[in-house]
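> Need a 3D model of the sequence below.
(one chain, ligands or ions: 1)
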Amino acid sequence: MKVLVLNSGSSSIKYQLFRTADWEAIAFGLVARIGEPKGELKLNWREQDGPLQSRQDALPIPTHEAGIDHIVAGLRTSGALAGFSELAAIGHRVVHGGEHFQRPTIVDDRVVEAIREVVPLAPLHNPGHLSGIEVARRLFPTVPSVAVFDTAFHQSMPPTAYRYAIPEHLYTQHRVRRYGFHGTSHLYVAKRAAAFLGKELAGCNLITLHLGNGASATAIRAGRSLDTSMGLTPLEGLVMGTRCGDIDPALHFFLSTNLGLDTAALDDLFNRRSGLLGICGVNDMREIERLAAAGDERAKLAIGITTHRLKKYIGAFYAELGKVDAIVFTGGIGENSAGIRRGACQGLERLGIRLDEAANAARGQSGERCISTTQSEVGVLVIPTNEELEIARQALAAVGR
Ligand code: ADP
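Alright, predicted model coming up:
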């Protein structure tokens, strides 16, 4: 059997097709620029353990329906998918599930309505997900669609972690609270970390750091999310590529009073023009590290603020957890940047965190690895994330296969 994973955004759809026997991704690709004059179509597939093959086309893709039609046609002509009967489930990534969903859920009309209800909380994401879900249900009426939510893993947070210190009615009437995101990634690396440590997930306390263009930290107690750095939206917390993370909320009044910025301008400023980009003019960590190595002071400051904030969260989550088995780095930056990992862990020896400098800096390493010394009480691990695989597995489990 096979599971198709769709990550449907407002103007693009990423997809992966997994063979459930060995969880190999036998095809993956992207449909982009939906609705623009020139759309983009990418398909990669592998025939019977042969080499990876690729195909790329440029043609107009007016709607999500046309996009998914192209995906299916590509999968069929490449031989990756013989027919719909091979599909056990379609797993859909959904960023925001509000308080409705604590686990992956088979989509029916009620689920669609619940995802629609929280559109105001994720206006950039949930409408695109809904388009993908609705088209998939129409095109494959016999294949169950399963929604897998970025927020679900964090639904175990207690109110002390998820409530803001603002008037109660904002929570009771408007559901203003902290939700947390990247849950699928945090859960995936937590499971892998537990296996790496030779323990049950339920027996592990972890601090997981997902550091990509978006970034978040999660405190995991006994395998469940206890606290996380993102809040009502994915803007709170760590320094990100273009997002500011934690700021004084009074900055909003300051900027609107003194610079006349309205809500759209503030949204653009904090979500798209801040973070690493705001500090040093570049949002790609590879480029920032290159500039810093060449002596660029703004690039050095961007790295400094990033690691300072990371350290703050490690300290805060350590205090919440009391005891930590391992700190886990993942995401493009967490998996690849030895400098950021070193900066985040430096000076924490009294907390039992001892980085093995050589293992951390070793070049050409990929895959799951330990980068702490044998004396380190707290393990420091690098675990590549694989959200699509986690979605595929959860989708299959949800349909009881
Ligand atoms: P997304 O959140 O978009 O999925 P990724 O997880 O792919 O993003 O992470 C993207 C970030 O990872 C970028 O800032 C990129 O520069 C950084 N990155 C990727 N490879 C390296 C590397 N070798 N060294 C440092 N940073 C890297």
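> What's the nearest residue in the stretch 151-300 of the chain when you look at the ligand?
Nearest residue of the stretch 151-300 of the chain to the ligand, counting by CB to the nearest ligand atom: residue 212, 2.6 Å away. In this view, the C-beta of every residue, glycine as well, is placed from N, C-alpha and C.
> Then the chain?
The chain approaches the ligand most closely through residue 332 (2.1 Å), counting by CB to the nearest ligand atom.
> Tell me the helix or strand right after the helix or strand hosting that residue.
Assigned by DSSP states H and E, residue 332 falls within helix 331-336. Next along the chain after helix 331-336, taking DSSP H and E as the criterion, comes helix 338-345.
> tell me which strands and helices that following helix is in contact with?
Using 3 or more CB pairs under 8 Å, 6 or more residues apart in numbering; DSSP states H and E, the elements in contact with helix 338-345 are helix 297-321, helix 331-336, helix 357-361, strand 379-382.
> Quick one: the ones you listed as a markdown table, columns for mean neighbour count too.
Output for these, formatted as a markdown table (neighbours: other CB atoms under 10 Å):
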| stretch | mean neighbour count |
| --- | --- |
| helix 297-321 | 18 |
| helix 331-336 | 22 |
| helix 357-361 | 14 |
| strand 379-382 | 22 |
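> Any idea which of the ones you listed gets closest to residue 154?
With CB to CB as the measure, helix 297-321 is the member of the helices and strands packed on helix 338-345 nearest residue 154 (13.3 Å).
> Now tell me what touches that closest one from outside.
Residues outside helix 297-321 that contact it (CB atoms under 8 Å, 6 or more residues apart in numbering) are 161, 205, 207, 209, 211, 217-221, 226-227, 229, 237-239, 245-246, 276, 279-282, 288-289, 291-292, 324, 327, 339-340, 343-348, 351, 353.
> buried sites along stretch 25-38?
25, 26, 27, 28, 29, 30, 31, 32, 33, 34 (16 or more other CB atoms under 10 Å).
> The third one against residue 45, yeah?
Yes. Using CB atoms under 8 Å as the test, residue 27 is close enough to residue 45 to be in contact (4.0 Å).
> any residues in contact with both of these two?
Residues touching both residue 27 and residue 45 (CB under 8 Å, 6+ apart): 75, 78, 80.
> Just to be sure, which of the contacts of helix 297-321 are found in helices?
Among the contacts of helix 297-321, DSSP state H puts 161, 276, 279-280, 288-289, 291-292, 339-340, 343-345 in helices.
> restrict the residues you listed to those near the ligand?
Contacts with the ligand within the ones in helices among the contacts of helix 297-321, counted by CB under 6 Å from any ligand atom: residue 289.
> which two in the ones in helices among the contacts of helix 297-321 are spaced the farthest apart?
Greatest spatial distance in those: 161 and 291, 36.6 Å, computed using CB to CB.
> Kindly report the residues of this structure close to the ligand.
Counting by CB under 6 Å from any ligand atom, the chain sits next to the ligand at 212-214, 241, 284-286, 289, 331-333, 336-337.
> Could you export those residues as JSON lines, including pLDDT and distance to residue 114?
Rendered in JSON lines, the data for the residues of the chain next to the ligand read as follows (pLDDT from 0 to 100; distance: CB to CB, whole Å):
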{"residue": "212", "pLDDT": "96", "distance to residue 114": "27"}
{"residue": "213", "pLDDT": "93", "distance to residue 114": "28"}
{"residue": "214", "pLDDT": "95", "distance to residue 114": "24"}
{"residue": "241", "pLDDT": "96", "distance to residue 114": "30"}
{"residue": "284", "pLDDT": "96", "distance to residue 114": "36"}
{"residue": "285", "pLDDT": "97", "distance to residue 114": "36"}
{"residue": "286", "pLDDT": "97", "distance to residue 114": "39"}
{"residue": "289", "pLDDT": "98", "distance to residue 114": "42"}
{"residue": "331", "pLDDT": "97", "distance to residue 114": "28"}
{"residue": "332", "pLDDT": "96", "distance to residue 114": "32"}
{"residue": "333", "pLDDT": "98", "distance to residue 114": "33"}
{"residue": "336", "pLDDT": "96", "distance to residue 114": "37"}
{"residue": "337", "pLDDT": "97", "distance to residue 114": "38"}
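> Most remote residue from the middle of this protein, which is it?
residue 258 (35.2 Å; CA atoms, centre = their mean).
> element containing that residue?
helix 250-259.
> Could you pull out the buried residues of that helix?
Across helix 250-259, burial judged by 16+ other CB under 10 Å covers residue 255.
> Need the mean per-residue confidence for it.
Taken as a whole, helix 250-259 carries a mean pLDDT of 98.
> for that helix, packing partners?
Packed against helix 250-259 by the contact rule (3+ CB pairs under 8 Å, 6+ apart) you find helix 263-272.
> Give the other helices and strands that the helix it packs on contacts.
Short answer (3+ CB pairs under 8 Å, 6+ apart): helix 263-272 packs on helix 250-259.
> CA atoms of the helix it packs on as PDB?
Provided in PDB are the C-alpha atoms of helix 250-259 (Å, rounded to 0.1, in the frame of the first residue of the first chain):
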ATOM      1  CA  ALA A 250       4.200  47.500  23.800                       C
ATOM      2  CA  LEU A 251       6.300  47.800  20.600                       C
ATOM      3  CA  HIS A 252       3.000  47.700  18.700                       C
ATOM      4  CA  PHE A 253       1.600  50.800  20.400                       C
ATOM      5  CA  PHE A 254       5.000  52.500  20.100                       C
ATOM      6  CA  LEU A 255       5.200  51.900  16.400                       C
ATOM      7  CA  SER A 256       1.600  52.800  15.600                       C
ATOM      8  CA  THR A 257       1.700  56.000  17.800                       C
ATOM      9  CA  ASN A 258       5.100  57.200  16.700                       C
ATOM     10  CA  LEU A 259       5.500  55.900  13.200                       C
END
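> Tell me the spatial nearest neighbour of residue 56, not counting adjacent residues.
Excluding its sequence neighbours, the residue lying closest to residue 56 (CB to CB, 6 or more residues apart in numbering) is residue 42, at 5.2 Å.
> In a strand, that neighbour, correct?
Yes. Membership of residue 42 in a strand is supported by DSSP: H, G, I helix; E, B strand; the rest coil.
> OK, contacts around the most centrally placed residue in the chain?
What sits nearest the mean C-alpha location of the chain, by CA atoms, centre = their mean, is residue 182, with 3.6 Å. Neighbour list for residue 182: 150, 210, 214, 216, 218, 230, 234 [criterion: CB under 8 Å, 6+ apart].
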